[in-house]
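Q: sequence first, predicted coordinates after that:
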Amino acid sequence: MQRRMAETQAQLSARTVDASSGGGAVKVVATCDGTLVSIKIDPQAINPSEAQLLEEMVLAAANSALAKGREVSQSELAKVTAGLKLPGLF
């Protein structure tokens with residue numbers, strides 16, 4: 001099981017999920033191990049007088065991508081552990 005866990009974790013570090021906010025104005029890609037890969041901002045969304053709105057959209061998209069990554073990670077690791085709740089993994 002330990003070998004399968006290590007293999008699954010390696011696969012998850014390469015697997016990506018994405019999320020967007022602001023109707024697609026901000027797009028974030030993250031790996032399933034919790035690393036942000038990229039943030040894309042539509043140039044139309046960049047308005048100096050609305051910087052706070054852009055910051056909120058980036059934060060929302062990043063948190064959503066990271067949450068999706070955690071969900072995928074938990075699901076894949078649960079398959080390896082056959083539903084056992086191992087401390088520190090979930």
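A: Ah, there it is. Numbering: from 1, shown residues only.
Q: what's the residue nearest the centre of the chain in contact with, if anything?
A: In the chain, the residue lying closest to the centroid (C-alpha atoms, centre = their mean) is residue 66, at 2.7 Å. Applying C-beta atoms under 8 Å, 6 or more residues apart in numbering to residue 66 gives the contacts 30, 34, 36. The way it works is simple: take the backbone N, C-alpha and C, and place the C-beta from them, glycine included.
Q: how about the secondary structure of the residue lying closest to the last one once chain neighbours are set aside?
A: Of all residues beyond its chain neighbours, the one nearest residue 36 is residue 30 (5.1 Å), with distances taken as C-beta to C-beta, 6 or more residues apart in numbering. In the three-state summary, residue 30 is assigned as strand, counting by DSSP: H, G, I helix; E, B strand; the rest coil.
Q: and the pLDDT for residue 30?
A: Note on residue 30: pLDDT of 96.
Q: same question for residue 87.
A: Per-residue confidence (pLDDT) for residue 87: 59.
Q: over to residue 1?
A: 77.
Q: the protein: helices as residue ranges?
A: Using DSSP state H, the helices of the chain run over residues 2-14, 51-81.
Q: which one in this protein is furthest away from the centre?
A: residue 49 (28.8 Å).
Q: separation between that residue and residue 42?
A: Using C-beta to C-beta, to the nearest Å, residue 49 is found at 17 Å from residue 42.
Q: same thing with residue 13?
A: In terms of C-beta to C-beta, residue 13 sits 28 Å off from residue 42.
Q: repeat for residue 54
A: Counting by C-beta to C-beta, the gap from residue 54 to residue 42 is 10 Å.
Q: neighbour-wise, which of those two wins?
A: In this view residue 54 and residue 42 are compared by other C-beta atoms under 10 Å, and residue 54 has more residues nearby, 17 against 14.
Q: what's the separation between the residue nearest to that one when sequence neighbours are not counted and residue 34?
A: Nearest residue to residue 54 in three dimensions, chain neighbours excluded: residue 45, at 5.9 Å (C-beta to C-beta, 6+ apart). Distance from residue 45 to residue 34, counting by C-beta to C-beta: 25 Å.
Q: thanks a lot, see you next time.
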